[in-house]
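Novice: 3D, please:
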Amino acid sequence: MNFLSHYYFDRHTSNCYHVLGTVLPDLLKNADKSIILHPEKHHYPDGDTHHIYNGWLKHLEIDRHFHNSDFFKTHSHQLKLELREVISGSPVKPFFLGHIAIELILDSLLLTTGRVKADDFYDHLSSCDHQSINEFLAVSGMTEPEVFSRFFDKFRTERYLHTYADASKVAYALKRICMRIWPSPFTPEQEAAMTNVIINYRNKTSETFMEVFDEIERALV
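Specialist: As a prediction, the model looks like this:
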């Protein structure tokens with residue numbers, strides 16, 4: 001799941017460090033895909049680092065339920081098939097596109113239906129200070145936490161998740177993710193076709209997308 005989908009499950013919490021923990025694994029991958037941490041191998045005392053750790057564990061649990069769900073398997077596969085038709089010749093693997101596309105579509109739908117507010121999510125992140133974050137990262141084995149700090153400050157300043165409310169921006173976000181691996185993943189024509197696929201698929205799932213959130217919520221109890 002993407003950032004706002006993870007936030008959905010803790011949208012009522014008052015602890016900003018827990019919220020940070022629920023999205024930190026993905027934030028770290030975005031900051032530097034070579035960063036690999038295993039917090040479960042370390043000890044975090046009571047306080048901010050412990051809240052980050054608990055959020056981290058919840059992130060892993062939610063992803064496990066999501067990727068094992070029929071919803072994810074069905075829709076990522078269907079999106080793979082539909083996107084494969086419009087990216088012929090692209091180096092991007094269709095299964096990768098299908099996986100990421102359904103996660104971005106879910107974030108978009110949460111925003112446009114008012115089930116989460118991007119500003120609330122960003123306000124939580126803005127309340128977290130670097131000292132506690134760096135302490136967590138250092139205990140987890142990261143030797144250069146400033147790499148993450150620079151990315152994190154930019155992430156919470158730009159607040160680009162607001163753009164997901166526009167379905168056409170979802171396709172753009174998908175392209176940007178692909179560009180981390182493939183410098184020139186799509187032609188302009190492919191981008192336009194992908195946008196149509198994303199918009200149509202988002203409309204098609206708008207009435208049923210909450211099923212997977214309800215399923216995961218039951219599993220978390």
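Novice: For the rest of this, base every contact and every neighbour count on C-alpha atoms.
Specialist: Will do.
Novice: in this protein, which spans are helices?
Specialist: With helices called from DSSP state H, the chain shows them at 3-8, 16-31, 48-67, 70-84, 94-112, 118-126, 130-139, 146-158, 167-178, 188-205, 210-220.
Novice: List the contacts of Ser69.
Specialist: Val212 (CA atoms under 8 Å, 6 or more residues apart in numbering).
Novice: His6 now?
Specialist: Contacts of His6 by CA under 8 Å, 6+ apart are 22-23, 59, 62.
Novice: Got the confidence number for it?
Specialist: With respect to pLDDT, His6 scores 98.
Novice: same check, this time on Asp70
Specialist: For Asp70, the predicted pLDDT is 98.
Novice: who's in contact with it?
Specialist: Contacts for Asp70 (CA under 8 Å, 6+ apart) come out as none.
Novice: one step back: take the helices of the chain and lay them out in a markdown table including distance to Glu40.
Specialist: Below are the helices of the chain laid out as a markdown table (distance: least, CA to CA, whole Å):
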| stretch | distance to Glu40 |
| --- | --- |
| helix 3-8 | 19 |
| helix 16-31 | 13 |
| helix 48-67 | 8 |
| helix 70-84 | 26 |
| helix 94-112 | 25 |
| helix 118-126 | 22 |
| helix 130-139 | 11 |
| helix 146-158 | 19 |
| helix 167-178 | 27 |
| helix 188-205 | 36 |
| helix 210-220 | 19 |
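Novice: So for His42, which of those helices sits nearest?
Specialist: Set against His42 and scored by CA to CA, the helices of the chain come closest in helix 130-139, at 6.9 Å.
Novice: could you give the angle of the closest one to helix 48-67?
Specialist: Interaxial angle, helix 130-139 versus helix 48-67 (axes from the mean of the first three to the mean of the last three CA atoms, to 10 degrees): 70 degrees.
Novice: Put the alpha carbons of helix 130-139 into CSV.
Specialist: Below are the C-alpha coordinates for helix 130-139, written out as CSV (Å, rounded to 0.1, in the frame of the first residue of the first chain):
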residue,chain,number,x,y,z
HIS,A,130,14.9,15.0,13.4
GLN,A,131,16.5,14.1,16.7
SER,A,132,14.0,11.3,17.4
ILE,A,133,14.0,10.1,13.8
ASN,A,134,17.8,10.1,13.6
GLU,A,135,18.0,8.2,16.9
PHE,A,136,15.7,5.5,15.5
LEU,A,137,17.7,5.3,12.3
ALA,A,138,21.0,5.1,14.1
VAL,A,139,19.8,2.3,16.4
